[in-house]
Structures are given as C-alpha cells and as structure tokens.
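Visitor: Below are the sequence and a predicted model; questions follow.
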Amino acid sequence: MRKLTSYLTRLFAVDALVLFGIVCVLLWLVNCLRSFEVVSVKGQGFGTLAVQALYTMPPLALSFFYICVGIGMVRALTALQNSHELHIIHTSHGLPGLWRAVLATTSAAALGALLLAHVAEPMANRQLNVLSAAIAADLVSSTLKPNRFTQATPGVVMLIGGREDGGSITEFFADDRRDPDMRRTYIAQSARVMALGDDFILELHDGTLQYVGADGRYSEIRFARYDINVESLSQPGLRVDPLTEKHSFELVGEALASGEWPARTVQHLLDRSAEALRVIGLCLFVLAIAGFPSGRRTRIRLPLEAVVMVVAFVERGIGSYSPLGTGTGAILLIGLSALILAIRLWPRRPIVEAPA
C-alpha cells in the first residue's frame, strides 16, 4: 500500500474508531442506567449490571456503526479540504491513492458490520437471554421478599408467601400480562427453581393456571405439578424468535444438514448481510460529497456530518418500511452515490472565450 493510501486510510480509520468508541461508552452507560433495577430491585451486583448492559450493545452498535464510519470519513475529508491537501491530491494525480484508501476503509468497515450482524449480535442475544433467565431464577429463589409484589420484567409481577429450608417457596403467585390477547395467572401452594444445564425450570405444585382472553372469557386449569421455563418469564416479550439467538454459521449449517432453506432463515441472513450494503452506500456517498475540492464560500455552511446523519436516517427508514427488504434503502443510496460520482468525474470541456 502506497504512502498516500496509508496516510488517508489511517485518517479515515482513526476518526471513525474514536467516534465509535465514544458512542459505545456513552450508550453502555445509558444502558446501565436503564437497567439499574437489576441492582436496586432484583438484588444483583454491579458486575451483573455491567455485563447485562454489555450484552445489549451489539444490536445498538449495528445501528450507528456505519454512521460513525461515514462521519469519520467526512471529518477527515473536510480537514483535508481546509488544509488544501485535498486540492493537492487532485492536482498531483493522487486520485488513485484516494480511491484505494476509500476502498480499504469501506472493505474493513463492511467486514466489521458483517461480523457484528452475523456473529456478535446473535451470540449477545443468546447470552443476554441466559443472563436474564439466571437473574429471574435468582429473583424467585432468593431475592423475592415475602408478601411483596415484585416486577420480574415489564408485564410480569410475582409474589411469594415465604421460604422454607432447602429453597422451597410457599404460596407462589405470578401474573403475566405481556400478551395483549391473553392474560395468564399462575397460583401454586409451593414452588422450586431447578437448574437444567443453562436453563432454569420453575416447578409449581398444587395450583391453578388461569387464562383470560381478549374477549373476557375465563379458563382455569388445575395441576399437581406444572413446569415453567424461567426464561419465558424473564423476557420483555412473550415470544422470543429463536433465529435471533443463532449466528449465521449455525443457521447455514442447519440448512445444509437438513437440505431445506426455510424462507424465514433466508430472509434473516439477507437482513444481516444488508448491514454491509449500508456501509458501502454511506462511504460512497461521503466520497461523492466530500472527496472533491471546492472553492465555493457560503454564508451559512451546513455541516456535512449533519448531512450524513440525515441520509443515514432516511436510508434506514426506507429499508425498515420497504416491502422489498431492509437492503432497499442501501441499494438506492449506492445508486445515488454512483450517480453523483459519475457526474463529478465526468470530463468537462474547457470554456474558451472568443477574442475581443
């Protein structure tokens, strides 16, 4: 890699990584504050709080990673414009070095986005669900205070009457209102939390399971023993998509082993791969608007960082609501960026003034 390419790549990478690191730290602190009930209500330590906040970072990181790359590039290019280095690059035939630097930065960022989407996010989702189940199990087995209602997760409220030797719970009650179409109430004379590998099972004895549907109809089931997966009571949503907990290599391995490619699996893989298209589209857009020197001066100068953020917001909005898939906005952005680059690179004929 030539010196100019190395120099520009280093500028792009440093600005992007510094911004990405700052945003990660700030969001991690915000997640710690949002999950502070893990310490104040659920009786866990600050270490558990920090780890839980860390597991929530990969999905959030995907949302702003490519924006940080774009802003890092635009800041570096703006600094080169202000120092007239960008003019020198264009006039001294240094454009190949600029193209190679943008290609190297875009390729590395796209690979990072793919690793986040295909590996880091599903693994973090799984570990977060396991940790949430462990917190809920500990809440039921040792932290719940007798005769006091405690919210295990939004929509799930628990109450116990007391504890006996050996960890047995007396007079267990749990009300689950997460499903708007069905309310479930668990009432048991006794309960016990059992570990089963990485999972935790809540054994209910001598009780009833009550259902109230959206139409107001009431049903009741009496049981001598009823087992509940604690993870099902610890999630904010009643249903957890198992695909979100499996990394892409596992999904592809399962599909190859069975010889079938379910439509949901294929769509999930495509949605994850669309993150790389976002990186490519935004980097090309930054190159198109900031990679060429300009001598124009305006009284009110719109920061290019704001333009990058607005474009990224519009792109994600198009991808979220498009029936063609989440990559629609990224493909449109790539096409728009290619058009702007073609216009700016199109050779212009010199204007020759007629002699007086």
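Guide: Looks like it came in fine.
Visitor: quick one: the closest residue in space to residue 206 that isn't next to it in sequence from residue 160, how far?
Guide: Nearest residue to residue 206, sequence neighbours excluded (Cβ to Cβ, 6 or more residues apart in numbering): residue 189, at 4.1 Å. C-beta coordinates here come from the backbone N, C-alpha and C atoms, glycine included. For residue 189, the distance to residue 160 (Cβ to Cβ, to the nearest Å) stands at 12 Å.
Visitor: More neighbours: those two, which one.
Guide: Each of residue 189 and residue 160 has its neighbours counted (other Cβ atoms under 10 Å); residue 160 has more, 21 against 13.
Visitor: Residue 189 is in contact with residue 169, correct?
Guide: No - applying Cβ atoms under 8 Å, one finds residue 169 not in contact with residue 189, separated by 9.8 Å.
Visitor: re earlier: need the residues touching each of residue 189 and residue 160.
Guide: 170, 171, 172 (Cβ atoms under 8 Å, 6 or more residues apart in numbering).
Visitor: now that we have those residues, which one has the most neighbours?
Guide: residue 172 leads the shared contacts of residue 189 and residue 160 on contacts (other Cβ under 10 Å) with 23 neighbours.
Visitor: for this structure, where's the lowest mean pLDDT among helices and strands?
Guide: Among the helices and strands of the chain, helix 37-40 carries the lowest confidence by mean pLDDT, DSSP states H and E, at a mean of 61.
Visitor: ok, then the element right after that helix?
Guide: helix 46-55 (DSSP states H and E).
Visitor: Return the list of helices and strands in contact with the helix or strand following that next one.
Guide: Later in the chain than helix 46-55, the nearest helix or strand by DSSP H and E is helix 57-82. In terms of contacts (3 or more Cβ pairs under 8 Å, 6 or more residues apart in numbering; DSSP states H and E), helix 57-82 is packed against helix 3-34, helix 85-91, helix 95-115, helix 121-138, helix 263-290, helix 304-321.
Visitor: Select, out of the ones you listed, the one closest to residue 72.
Guide: helix 3-34 (2.8 Å; Cβ to Cβ).
Visitor: Can you give me the buried ones in that closest one?
Guide: 4-5, 8-9, 11-13, 15-16, 19-20, 23-24, 27, 31-32 (16 or more other Cβ atoms under 10 Å).
Visitor: That one packs against which elements?
Guide: helix 46-55, helix 57-82, helix 95-115.
Visitor: could you give the angle of that helix to helix 304-321?
Guide: 60 degrees (axes from the mean of the first three to the mean of the last three Cα atoms, to 10 degrees).
Visitor: Just the mean pLDDT for helix 3-34, thanks.
Guide: In this model, helix 3-34 carries a mean pLDDT of 88.
Visitor: what's the angle between that helix and helix 95-115?
Guide: 30 degrees.
Visitor: what's the angle from helix 3-34 to helix 57-82?
Guide: 140 degrees.
Visitor: Pull the distance from helix 3-34 to the chain's centre.
Guide: 16 Å (Cα atoms, centre = their mean, to the nearest Å).
Visitor: Quick check: residue 219 vs residue 209, distance?
Guide: In terms of Cβ to Cβ, residue 219 sits 9 Å off from residue 209.
Visitor: now do residue 82
Guide: 68 Å.
Visitor: Comparing the two, which residue is more hemmed in?
Guide: residue 209 (17 against 9).
Visitor: Wait, a helix at the more buried one?
Guide: No - under DSSP: H, G, I helix; E, B strand; the rest coil, residue 209 sits outside any helix and is assigned strand.
Visitor: Now do the helices in the stretch 151-300 of the chain.
Guide: 230-234, 248-258, 263-290 (DSSP state H, counting those that start in this stretch).
Visitor: Sweet, I'm off.
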